[in-house]
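K.L.:
Structure for the following, please:
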Amino acid sequence: MKSIKTLFVIAALTVSSLAMAEGGGDRTFARMEAAMKRSMDAYQIAQKQGTQPPVAESKANAVDQAKY
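P.N.:
I've put the predicted structure just below:
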């Protein structure tokens with residue numbers, strides 16, 4: 001009976017550690033940081049060259065925006 005309780009404790013600890021595993025938030029945050037760094041680099045280059053900084057294009061047209 002004592003070995004069964006030990007087995008249950010070990011199983012509970014194993015399951016709880018798997019539940020706390022990485023869910024992908026770190027990868028998402030890393031991608032966001034990389035995108036921010038690229039955009040800041042592009043902005044700084046545009047500032048040095050005296051040109052207009054790049055702007056993201058919207059794929060929605062005026063008709064779609066008027067609906068909202």
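K.L.:
for this structure, what spans make up the helices?
P.N.:
In the chain, the segments counted as helices under DSSP state H are 2-19, 25-49, 62-67.
K.L.:
mean confidence score for the last one?
P.N.:
The predicted model assigns helix 62-67 a mean pLDDT of 54.
K.L.:
Got phi/psi on Thr51?
P.N.:
phi -100, psi 170 (degrees, to the nearest 10).
K.L.:
Report pLDDT for it.
P.N.:
At Thr51, pLDDT is 76.
K.L.:
got the contact list for it?
P.N.:
If a contact means Cβ atoms under 8 Å, 6 or more residues apart in numbering, then Thr51 has no contacts. For glycine as for every other residue, the C-beta is placed from the backbone atoms N, C-alpha and C.
K.L.:
One more: Leu13?
P.N.:
Counting by Cβ under 8 Å, 6+ apart, Leu13 has no contacts.
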